[in-house]
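> A structural model of the following input is requested.
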Amino acid sequence: MRNRKSNLIRAAVLAGLSSIASSAFATDNLWTGAQDNSWNNPNNWSLGRVPTNTNGQATGDPFDDAVVNTSVPNIATISADPVATPRDIVVGSGAGSIGTVNQTAGTASTGTGNWFFVGRDGGSGTYNLTGSSGPVGTFTGKSQGSGSVIAGGSAATDGRIYVSGQSGAPATGVFNINTTGSVTSHNDLNIAAAGGTGTVNLDAGTVNVGGWLSIGRDEGNGGTANWNQSGGTVNVSGNTILGLPGTHGIVTMTGGSITTNGEWWVGNGTGGGIQSTGVATISGGTVTTHSWVALGREGSQGTLTISGGANIVKDGGGAVVVGTNTNGTGVINVNGGSFTIAEPGPDNPADPNQVYNNDLVLGELSGASGTLVQTAGTVTIGGDLRIAGKNPGETGGTGTYTLQGGTLDLTGGAILPGGGTAVFNFSGGRLKNAANINIPLNQTGGTIAPGASPGTTAISSNYTMGAAATYEAELVGGSTTSDLITVTGTASLAGQLDTVPLGGMTVGSSYTILTAGTLAGTFVNAPPGTFSQDGVTYSISYANNAVTLVVTAVPEPTSLALLGLGAGTFLLRRRRVGVTA
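Model prediction:
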């Protein structure tokens, strides 16, 4: 039997919440916390029962929504499986409401096909899927628990999670996840809908999303969504979106993984006169997308910054497009880590979704701007680097790739200008495995390495090499095969030549390492005549618009032994010369 104190507290709570409209489809069973903090105590609920999806009422709505709009006198706490399953779970709904749920263990589920809300209709909600003691997580600031949450119950495709919003006035929602358990949304997981502010902090646990992960949801409402992740595993069946039209999506990731089976958009369109923005700052962990990636899509702004040990992978069909449609602006900063664009199999011209497989496109269409600045790390492109449009005959936007450090590996692809304004700045780092460069190349620093051990880079314009630049040329011992740069225009040389022997070198072997329509200048460390690198002596000629090397002397085996160097050690050391990190 309920005691008098419980009844008085319950009446006071109900009076204070009388302005909050009930669901049109269920009865609001309100948390009072009148007796203790146990979710499973019926005396802590306004209807005298733990919220249930089949409440047995003869009239009215036969379903209870579990509504937590207060944290006094006791915070609603789930430490074991709830004894009943409500229709929806709602934390913080209605103006002035401040709801908190702490879940340390057990599995909390909505009814079949039903929804889970943290902050709705002007309210403020916090859901802590965490522990009660022990070391705390980076973003949650809370210890690890073992609980799980399911939105949609046993439904295969229904059930959503909203962290801030869905309807009504702007709300605030925070979902802290640090668990050995999981969070499952059978359909979408939406953050910051209806103009609200929503935050998900993930330190540990598995998050499964059956639909879209929308970090910034609903058009034209100006909501702000934050996704902070230091660990855990996220699996998304649909698309992952940072900033749907008119919203702002922000991702900060230092660890863990996110795998998206659909597309990944960072910034998407405008809504209600508000330009959407997407910002992803990833310094650790792995982000994998099995389809297209777009930054600054349809007039939005999208920025991706990669650093530390972060690993970004785009596989499957499609391309990475940075800056698309009119006024779309996309920026990628690679300051460390790796960014890999790869997909098994060649382009398929018959399928418009696979014409540009593996390509990186900067400034796709007129009015769009796409920029990538690389200061460190590795960028690997399985297809082509297309700057300022997909094709020369197509009106493109403005595209710029600036290589200042790290490695840009074209894996046998090309650098291709589109119909817009295309710029490739090369002042540092390492450009390797580019089969074709169809844009004037001004190398003021860094290293160009054609080699696929060895390989050829064809420059269909002019090539200018500054004093701080290096050409790394692989030479196959005992043959005439070597790396080669071919230049249809003028090659102006003023930098360093770094020869890399592959196998034992043979006196008399001749290698042509560069040809040009017109050749000007010389390598500063290898003027006409002879020069030596690591004991190998070459004669070098710049005649007939070509650079030719002939081996004239090689180290004697006894000399290598006296130096304490085997042949393998000798070759390994040479391969490292001239490599810029």
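> Okay, helices next: where are they in the stretch 251-400 of the chain?
Applying DSSP state H, counting those that start in this stretch to the stretch 251-400 of the chain gives no helices.
> Flag the shaky bits of the chain, pLDDT-wise.
Residues of the chain meeting the criterion pLDDT under 70: 1-25, 55-60, 219-220, 343-355, 557-581.
> Next, the contact list for residue 403, please.
374, 424, 425, 426, 427, 428, 429, 431, 446 (CB atoms under 8 Å, 6 or more residues apart in numbering). In this view, the C-beta of every residue, glycine as well, is placed from N, C-alpha and C.
> Could I have the buried ones of the residues you listed as PyMOL selection syntax?
Selecting the buried subset of those in PyMOL, with 16 or more other CB atoms under 10 Å as the burial test, is done by:
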select buried, resi 374+424+426+427+428+429+431+446
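> I'd like the contacts of residue 403 laid out as JSON lines, including secondary structure.
Rendered in JSON lines, the data for these read as follows (DSSP: H, G, I helix; E, B strand; the rest coil):
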{"residue": "374", "secondary structure": "strand"}
{"residue": "424", "secondary structure": "strand"}
{"residue": "425", "secondary structure": "strand"}
{"residue": "426", "secondary structure": "strand"}
{"residue": "427", "secondary structure": "coil"}
{"residue": "428", "secondary structure": "coil"}
{"residue": "429", "secondary structure": "coil"}
{"residue": "431", "secondary structure": "strand"}
{"residue": "446", "secondary structure": "strand"}
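> now, which of the contacts of residue 403 sits nearest residue 511?
residue 431 (20.6 Å; CB to CB).
> Which residues are in contact with residue 489?
So, once contact is read as CB under 8 Å, 6+ apart, residue 489 ends up touching 440, 459, 461, 462, 463, 516, 517, 518.
> Give me the buried entries from those.
Neighbour counting by 16+ other CB under 10 Å classes 440, 459, 462, 463, 516 among the contacts of residue 489 as buried.
> Next, please give the residue ranges for the helices of this structure.
Per DSSP state H, the chain has helices spanning 4-16, 557-562, 567-576. These are given in chain order.
> Now do the domain split for the protein, please.
Each domain of the chain is listed here as a residue range: 1-16+27-87, 108-138+149-271, per automatic domain parsing.
> if you compare these, which one is most tucked away?
Here the criterion is mean neighbour count by mean count of other CB atoms under 10 Å, and of these the winner is domain 108-138+149-271, at a mean of 24.
> Ends of it, what's the gap?
Separation of the first and last residues of domain 108-138+149-271 by CA to CA, to the nearest Å is 35 Å.
> So for stretch 540-554, what gets flagged as buried?
Buried-residue list, stretch 540-554, by 16+ other CB under 10 Å: 540, 542, 546, 547, 548, 549, 551, 554.
> one step back: in strands only, show me the contacts of residue 489.
Cross-referencing these against strands under DSSP state E gives 459, 463, 516, 517, 518.
> so what's residue 511 up against?
When contacts are counted by CB under 8 Å, 6+ apart, residue 511 is found next to 473, 475, 480, 481, 482, 548, 549, 550.
> repeat that for 7 Å
475, 480, 482, 548, 549 (CB atoms under 7 Å, 6 or more residues apart in numbering).
> Now for these: which two are most distant?
Maximum pairwise distance among the contacts of residue 511 (CB to CB): 11.8 Å, between 475 and 548.
> how about the strands in the stretch 51-200 of the chain?
Counting by DSSP state E, counting those that start in this stretch, the stretch 51-200 of the chain has these strands, from start to end: 64-68, 76-78, 89-93, 98-103, 107-109, 116-120, 124-129, 148-151, 161-163, 172-185, 189-191, 197-209.
> Those: which one's closest to residue 241?
Minimum separation from residue 241 across the strands of the stretch 51-200 of the chain (CB to CB) falls at strand 189-191, 9.7 Å.
> Sheet-wise, list the partners of that closest one with their directions.
Strand 189-191 has its sheet partners listed here by DSSP bridges as strand 161-163 (parallel), strand 213-215 (parallel).
> Tell me the gap between it and the middle of its chain.
Average the C-alpha atoms of strand 189-191, do the same for its chain, and the two points are 18 Å apart (CA atoms, centre = their mean, to the nearest Å).
> Same check on stretch 376-395?
Here stretch 376-395 is found 18 Å from its chain centre; the criterion is CA atoms, centre = their mean.
> measure that stretch end to end?
Start and end residues of stretch 376-395 are separated by 31 Å (CA to CA).
> Okay, buried residues for that stretch please.
Residues of stretch 376-395 classed as buried: 376-390 (neighbour count, 16+ other CB under 10 Å).
> out of these, which one sits closest to residue 309?
Sorting the buried residues of stretch 376-395 by how near they are to residue 309, with CB to CB, puts residue 377 at the top with 9.6 Å.
> Against residue 411, how distant is that closest one?
Spatial separation of residue 377 from residue 411 under the definition CB to CB, to the nearest Å is 16 Å.
> contact partners of stretch 464-473?
Everything outside stretch 464-473 that qualifies as a contact, by CB under 7 Å, 6+ apart, is 442-449, 482-483, 485, 492-500, 513, 524, 578.
> Just those residues: which are in strands?
When DSSP E defines the strands, the subset of these inside them is 442-449, 485, 492-493, 496-500, 513.
> quick revisit: would you mind giving the ones in strands among the contacts of residue 489 as CSV with distance to residue 85 added?
Converted to CSV, those look like this (distance: CB to CB, whole Å):
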residue, distance to residue 85
459, 67
463, 69
516, 75
517, 76
518, 79
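> So which of these is the closest to residue 106?
residue 459 (64.4 Å).
> Dig out what the closest one forms beta bridges with.
When bridges are assigned using DSSP bridges, the partners listed for residue 459 are residue 437, residue 487.
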